[in-house]
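In: Sequence and predicted structure are below.
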Amino acid sequence: MPHVPERKLETRAQILRSARRLFNRKGFAEVTIDEIMNDAGLTRGGFYRHFKTKDELYSEALLQFTCKDPPETWQSKYVDPCAKGVPLARMVVEAYLSREHLLDRDGPCPTAGLSSDVSRSSLRVKQAFRKVLESMLDVFAGNMHGEDARERALALVALCVGAMAVARAVDDPALANAFRNAARKHVFANSGWEEG
C-alpha cells in the first residue's frame with residue numbers, strides 16, 4: 001500500500017489546519033479534540049494516531065506558522081518570498097501590521113492573538129511560540145546596525161506584537177487602525193528602514 005504514508009501525512013496536515021484555525025479563533029482551553037477532529041472531517045480516535053496530547057498538537061500548530069506553505073493571504077499580499085535584507089524587514093512590518101492581518105481570525109500570526117493563551121501553556125508550547133517570535137526578531141536584528149541592534153529589534157518586535165494584540169482587542173475600528181498605524185510609523189522611524 002504505497003499511498004498509506006502519504007495519506008497519513010495528509011491527514012496530519014488536515015488536523016493541523018483545523019487546529020490552527022480553531023486555536024486562533026478560540027484559544028487552547030476553549031477548543032476540544034472532538035471539535036478539531038470534527039472540523040477536519042475525522043473521528044476522535046484518529047487523533048491519537050498523529051498526536052499524543054492536545055498540548056502536542058497546539059505546539060505543532062504554532063510552529064506550522066513559521067513554515068506555512070502557502071502563506072496566508074495577508075502575508076502573500078505584502079511579502080515577496082525572494083526578498084532579503086531591509087526590503088524583507090519592511091515587508092514583514094507591512095504584512096504584520098496590515099488591516100488584512102488584523103481582520104484574519106483564522107490564520108493570523110500566533111503572536112497577535114495567542115500571547116496570553118500561550119503564557120498559561122506548557123513549556124513545549126512556549127518553546128514553539130518563542131520560535132515564531134524569533135523568526136521575526138531574526139529578520140529585524142539582521143537588518144539593523146550598531147551594538148544595540150538586537151535590543152532595538154526586541155523593542156520593535158514588542159511594538160508590533162503589542163500594537164496588533166491591542167488593535168485586535170478593541171471594539172473601535174478607528175482606534176485599532178490608529179494603534180497599527182502608530183506602531184508602523186515608529187518601527188520605521190526607529191529601525192532606519194525608511195517607508196517604501
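Out: The structure has been received and is ready for your questions. Remember, predicted model here, so these are calculated numbers, not experimental data.
In: any weak-confidence spans in this structure?
Out: 1-3, 67-70, 195-196 (pLDDT under 70).
In: Kindly recompute the last result at 90.
Out: Within the chain, the segments meeting pLDDT under 90 span 1-9, 24-25, 27, 29, 45, 62-83, 104-121, 192-196.
In: show me where it has helices.
Out: 4-26, 33-39, 44-47, 54-64, 73-78, 85-96, 99-103, 110-113, 115-119, 123-141, 149-169, 173-191 (DSSP state H).
In: Could you dump those helices into JSON lines and include mean neighbour count?
Out: Just so you know, the C-beta spots here come from the backbone N, C-alpha and C atoms, and that holds for glycine as well. Formatted as JSON lines, the helices of the chain follow (neighbours: other C-beta atoms under 10 Å):
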{"stretch": "helix 4-26", "mean neighbour count": "16"}
{"stretch": "helix 33-39", "mean neighbour count": "17"}
{"stretch": "helix 44-47", "mean neighbour count": "14"}
{"stretch": "helix 54-64", "mean neighbour count": "21"}
{"stretch": "helix 73-78", "mean neighbour count": "17"}
{"stretch": "helix 85-96", "mean neighbour count": "20"}
{"stretch": "helix 99-103", "mean neighbour count": "17"}
{"stretch": "helix 110-113", "mean neighbour count": "22"}
{"stretch": "helix 115-119", "mean neighbour count": "15"}
{"stretch": "helix 123-141", "mean neighbour count": "17"}
{"stretch": "helix 149-169", "mean neighbour count": "18"}
{"stretch": "helix 173-191", "mean neighbour count": "16"}
